[in-house]
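S.K.: What follows is a predicted protein model with its sequence.
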Amino acid sequence: MPFKLKKSRMNINEIDRGKIANKKFGQNFLEDESVLEQIIQAMPDDNLPVVEIGPGLGDLTKKLVQVRQVVAFEVDDRLCLYLKKLFSQEIADGKLQLICGDVLEQWTKGSLLEYSYHLVANLPYYIATTIILKALRDENCKSTLTMVQKEVANKFSALVDDRNFSALSVLAQSAGEAQISLLVPPQAFNPAPKVDSAVLKIQKTDTLKDNRFEDFLKVAFKQPRKTLIKNLSSLYPKSTIETLFQRLALERTIRPHQVETMLYHQIYYELTKEYTYGKESKNF
Ligand code: SAM
């Protein structure tokens, strides 16, 4: 169903969100006023500018521009045109910079912006993990507060020994501290997604710098129910790993989710001292 931006249809309340939503771009518009408000309340209390990825119909953007300088990236041309009109005053006042296009195409180098910022967004779920990992690798990004699929939030925020503790948890803990700020049911959106959602907050204290550590983790967690030794033995001789585990007082039967983040760094460091690992892969 084409979405025409006739002047008579510029009132946001008149828009049929269900009809406008384009699945291809992961469009589930957040309507619940209290959830929007809680996102604003959960923002870090400094004055850094905010990046919003996917402003959609501008409900969160409206609240963000009241409290911060905002740079928003929107891929959907129809929505971009709509937002330009809706926020013409804020754009003219310099409170909002609206960039039309795919944020991933703009984020090819390490940093999305040349200055420090926080990421606050109701993310398109099909690229949420990719975006959060990019933010963890971006030294100008100081924190992320993002609506994601609950399952993804669980993976980023899990603690060691939790069955959700994963490569994503280790990466989040390597960059800072991750926690779920609130759980959000499908009814908070229009159209409602098929999954539960959660607002995930990652307060960064560091930046991910080593792609090879990420690749190492991908192998370490490849078969989560197998032992860590078994998974790592696709990269290094089993005897070397066993000797190292003995030295670190790690059980031979330990599973990937039972190993602390600091130990992953130590295992990686010790093994790469002797062996070079060169394959690159980015999908988790
Ligand atoms: N922020 C709005 C809200 O809370 O209602 C919309 C959120 S909706 C889940 C995701 C938004 O991200 C949509 O507006 C979609 O068009 C946009 N989007 C999807 N892929 C994108 C990309 N690669 N770059 C920029 N925006 C994207």
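M.R.: Done, it's in. Here the structure is a predicted model, which is why all the values come from computation and not from measurement. Numbering: from 1, shown residues only.

S.K.: From Lys218, how far off is the residue in the stretch 151-284 of the chain that the ligand sits nearest to?
M.R.: Nearest to the ligand, among the residues of the stretch 151-284 of the chain, is Phe189, at 7.3 Å (C-beta to the nearest ligand atom). C-beta: built from backbone N, CA, C; applies to glycine. Distance, Phe189 to Lys218, by C-beta to C-beta, to the nearest Å: 31 Å.

S.K.: before we move on, what about Ala135?
M.R.: Relative to Lys218, Ala135 is positioned 19 Å away (C-beta to C-beta).

S.K.: Comparing these two, which residue is more hemmed in?
M.R.: Neighbour count, other C-beta atoms under 10 Å: between Ala135 and Lys218, Ala135 has more, with 27 against 16.

S.K.: got the contact list for the more buried one?
M.R.: Contact analysis of Ala135 by C-beta atoms under 8 Å, 6 or more residues apart in numbering lists 119, 141, 144, 202.

S.K.: Please name every helix or strand in contact with the helix or strand containing the last one.
M.R.: In this structure, Ile202 sits in strand 197-204 according to DSSP states H and E. Using 3 or more C-beta pairs under 8 Å, 6 or more residues apart in numbering; DSSP states H and E as the contact definition, the elements that strand 197-204 packs against are helix 33-41, helix 128-137, strand 141-149, helix 150-157, helix 167-175, strand 176-184.

S.K.: before we move on, back to that, counting neighbours, which of the contacts of Ala135 comes out on top?
M.R.: Thr144 (28 neighbours).

S.K.: quick one, what contacts it?
M.R.: Thr144 sits next to 118-120, 132, 135-136, 200-202, 204 when contact means C-beta under 8 Å, 6+ apart.

S.K.: for Phe189, same thing?
M.R.: Neighbouring residues of Phe189 by C-beta under 8 Å, 6+ apart: 28-32, 197.

S.K.: Can you flag the buried ones in those residues?
M.R.: Among the contacts of Phe189, the ones that count as buried by 16 or more other C-beta atoms under 10 Å are 28-30, 197.

S.K.: Can you name the residues that contact Ser197?
M.R.: Listed by C-beta under 8 Å, 6+ apart, the contact set of Ser197 reads 147-150, 153, 183-186, 188-189.

S.K.: Buried members of these into ChimeraX, please.
M.R.: Here is the ChimeraX command that selects the buried residues among the contacts of Ser197 (16+ other C-beta under 10 Å):
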select :147,148,149,150,153,184,188,189
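
S.K.: possible to save the contacts of Ser197 as TSV with pLDDT?
M.R.: Output for the contacts of Ser197, formatted as TSV (pLDDT from 0 to 100):
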residue	pLDDT
Met147	98
Val148	98
Gln149	98
Lys150	98
Ala153	98
Leu183	98
Val184	98
Pro185	98
Pro186	98
Ala188	98
Phe189	97
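
S.K.: Now tabulate the contacts of Ser197 in TSV and tack on distance to Leu83.
M.R.: Listed next are the contacts of Ser197 as TSV, based on distance: C-beta to C-beta, whole Å:
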residue	distance to Leu83
Met147	18
Val148	22
Gln149	25
Lys150	28
Ala153	27
Leu183	28
Val184	23
Pro185	26
Pro186	25
Ala188	21
Phe189	18
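
S.K.: near the ligand, which residues of the stretch 1-150 of the chain show up?
M.R.: Counting by C-beta under 6 Å from any ligand atom, the stretch 1-150 of the chain comes close to the ligand at 25-30, 53-57, 59-60, 73-76, 79, 102-104, 122, 124, 127.

S.K.: Could I get the pLDDT score of the residue lying closest to Gly94 once chain neighbours are set aside?
M.R.: Spatially, and ignoring its direct neighbours in sequence, Gly94 is nearest to Gln69 (7.8 Å; C-beta to C-beta, 6 or more residues apart in numbering). We have a pLDDT of 98 for Gln69.
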